[in-house]
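> give the three-dimensional model of this entry:
(chains A and B)
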There are 2 protein chains.
Amino acid sequence: MNKELFEEIISNINKNNGLTKKTSERLVNNLIIDKFALDNFVKQLNLIKENISICSICNYYEIESKCIICSDESRNQNVICVVASQLDVNNIEKINKYKGLYHVLGSEINLNKKKSPSEINFESLLSRIDKNSELILALNATFEGELTTNYIYQLTKNLNINITRIAKGIPMGGSLDYMDETTLESAFKNRKKYEV
Amino acid sequence: MNKELFEEIISNINKNNGLTKKTSERLVNNLIIDKFALDNFVKQLNLIKENISICSICNYYEIESKCIICSDESRNQNVICVVASQLDVNNIEKINKYKGLYHVLGSEINLNKKKSPSEINFESLLSRIDKNSELILALNATFEGELTTNYIYQLTKNLNINITRIAKGIPMGGSLDYMDETTLESAFKNRKKYEV
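Down below sits the predicted model:
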């Protein structure tokens, strides 16, 4: 009897980012009972393997050897938005407003997860900056994000370029009475003249 | 530019039971940035394909052509616990108390999802019942579960066998003030003599 094989498959699938134990179990169950779904899944993985890689300039996706962002000449080549993950690029692209380039760090500085500054390739970001560059720091509003934002600021503050970071404040739909103090403080500090 | 390929892969992965759009995006992102994870995922899918199938008797998993449950002769061969999905078997097996057989229906009667009684193979359940059988109905405590429980009861009530269903009541950790009326009613109706 080999129930271990089943457990082993679940535990291996579970190692992937974003999948909980429960999700992995449901996924594996679905793939066992539906052979068509299984074949389709294998097909998708092969599509990824054969067609998608990581851009050597900005670390976003390269599809069929062309970065979706870097190869788009209509984008402002001087503005670089720094984010932690490719998923953040996907999210920002959805609003369809930002028309500059990106730089995906791949990770934020996180001492608990042994991600010291030396583990993150900041050099590749610095090498893209010239006197006309503008940096938009769009890291997470977490301790790790703040740390990384500050680190990049220290690295670049003497380059005499325009550096901004995205606003912190009350998210759309947020109730004031549920906001923590830091968010409220940021929201007050960053208040803007009300115009209709 | 072929951003569509990326969207298409997400949408195909997303078709799997249990995966949300967000989970699919994170999973695909993980598989793009980590080639080792991608190869490992393909390996797991091949393990499923080559080693795991569905038992023709009870519809649970057959690993290396042997059903984990049916081939276990130490189990009580007269008791059949009827559940909706293989995942329910996994969950019941975790408590390690039930030592009978199972019958996985694969689905409950669900008219919204076009699952009429004729779409579900009740015959294979009936064919397993003889005069010594005992049925434990362990379907979900949902409208569909009630409907299916009732349907099986109607099919089997004249067979003169012992048919029980699992208790409905307050789940462990549940607060009375959060319970809906039906649950409370069941809990009162099914109350038992308190013994220490």
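
> mind listing the helices for chain A?
For chain A, applying DSSP state H gives helices covering A:3-14, A:21-33, A:35-51, A:86-95, A:122-126, A:143-156, A:181-189.

> quick one: distance of the biggest strand by length in chain A to the chain centre.
Using DSSP state E to define each element, chain A has its longest strand at strand A:76-83. From the chain centre to the centre of strand A:76-83 is a distance of 14 Å (CA atoms, centre = their mean, to the nearest Å).

> wait, does that strand contact chain B?
No - shown here: strand A:76-83 not in contact with chain B (CB under 8 Å from any CB of the partner chain), separated by at least 12.4 Å. Quick note: C-beta positions are derived from backbone N, CA and C, even for glycine.

> and the angle from that strand to helix A:86-95?
130 degrees (axes from the mean of the first three to the mean of the last three CA atoms, to 10 degrees).

> neighbours around the spatially closest residue to residue A:49 that is not a sequence neighbour, how many?
Using CB to CB, 6 or more residues apart in numbering or on different chains and skipping the chain neighbours, the partner closest in space to residue A:49 is residue B:38 (6.0 Å). If you count neighbours by other CB atoms under 10 Å in any protein chain shown, residue B:38 ends up with 20.

> and residue B:38, what does it touch?
With contact set as CB atoms under 8 Å, 6 or more residues apart in numbering or on different chains, residue B:38 has these partners: A:45, A:48-49, B:31-32.

> could you list every helix and strand in contact with the longest strand of chain A?
Helices and strands touching strand A:76-83, by 3 or more CB pairs under 8 Å, 6 or more residues apart in numbering or on different chains; DSSP states H and E, are helix A:86-95, strand A:100-104, strand A:134-137.

> can you do 7 Å?
strand A:100-104, strand A:134-137 (3 or more CB pairs under 7 Å, 6 or more residues apart in numbering or on different chains; DSSP states H and E).

> export the helices of chain A to a markdown table and tack on mean pLDDT?
Below are the helices of chain A laid out as a markdown table (pLDDT from 0 to 100):
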| stretch | mean pLDDT |
| --- | --- |
| helix A:3-14 | 92 |
| helix A:21-33 | 94 |
| helix A:35-51 | 95 |
| helix A:86-95 | 93 |
| helix A:122-126 | 96 |
| helix A:143-156 | 95 |
| helix A:181-189 | 88 |
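
> in JSON lines, list the ones you listed along with distance to residue B:54.
Shown next, in JSON lines, are those (distance: least, CB to CB, whole Å):
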{"stretch": "helix A:3-14", "distance to residue B:54": "13"}
{"stretch": "helix A:21-33", "distance to residue B:54": "6"}
{"stretch": "helix A:35-51", "distance to residue B:54": "10"}
{"stretch": "helix A:86-95", "distance to residue B:54": "35"}
{"stretch": "helix A:122-126", "distance to residue B:54": "49"}
{"stretch": "helix A:143-156", "distance to residue B:54": "45"}
{"stretch": "helix A:181-189", "distance to residue B:54": "51"}
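
> just those helices: most buried one?
For the helices of chain A, the largest average neighbour count (mean count of other CB atoms under 10 Å in any protein chain shown) is found in helix A:21-33, namely a mean of 20.

> now check that one, is it near chain B?
Yes - residues of helix A:21-33 contacting chain B under CB under 7 Å from any CB of the partner chain: A:23, A:25-33.

> and the residues you listed, which is closest to chain B?
residue A:26 (3.0 Å; CB to the nearest CB).

> surely the closest one and residue B:18 touch.
Yes - using CB atoms under 7 Å, residue A:26 is in contact with residue B:18, at 3.0 Å.

> can you tell me which residues contact the residue nearest the centre of chain A?
In chain A, the C-alpha nearest the mean C-alpha coordinate belongs to residue A:85, at 2.0 Å (CA atoms, centre = their mean). By CB atoms under 7 Å, 6 or more residues apart in numbering or on different chains, the contact list for residue A:85 reads residue A:104.

> before we move on, what about residue A:110?
residue A:144.

> could you redo the last one with a cut-off of 10 Å?
A:84, A:116, A:119-120, A:142-145, A:147-148 (CB atoms under 10 Å, 6 or more residues apart in numbering or on different chains).

> likewise for residue A:7?
residue B:90.

> and the gap between residue A:15 and chain B?
Between residue A:15 and chain B the computed distance is 7 Å (CB to the nearest CB, to the nearest Å).

> same deal with residue A:170?
23 Å.

> can you verify my assumption that that residue contacts residue A:184?
Yes - in this structure residue A:170 lies within contact range of residue A:184 using CB atoms under 10 Å: 7.8 Å.

> identify the contacts common to these two.
residue A:176.

> what sits against the nearest residue to residue A:45 once chain neighbours are set aside?
Spatial nearest neighbour of residue A:45, chain neighbours left out: residue B:42 (5.3 Å); criterion: CB to CB, 6+ apart. Listed by CB under 10 Å, 6+ apart, the contact set of residue B:42 reads A:41-42, A:45-46, A:48-49, B:31.

> quick check: nearest residue in space to residue A:166, chain neighbours excluded?
Distances taken as CB to CB, 6+ apart place residue A:138 nearest to residue A:166, at 4.9 Å, with adjacent residues excluded.

> what is the burial count for the one you found?
21.

> ok, back up a step: out of the helices of chain A, nearest to residue B:62?
Nearest of the helices of chain A to residue B:62, taken as CB to CB: helix A:21-33 at 9.5 Å.

> which other helices and strands contact the closest one?
Helices and strands touching helix A:21-33, by 3 or more CB pairs under 10 Å, 6 or more residues apart in numbering or on different chains; DSSP states H and E, are helix A:3-14, helix A:35-51, helix B:21-33, helix B:35-51, strand B:52-54, strand B:61-63, helix B:86-95.
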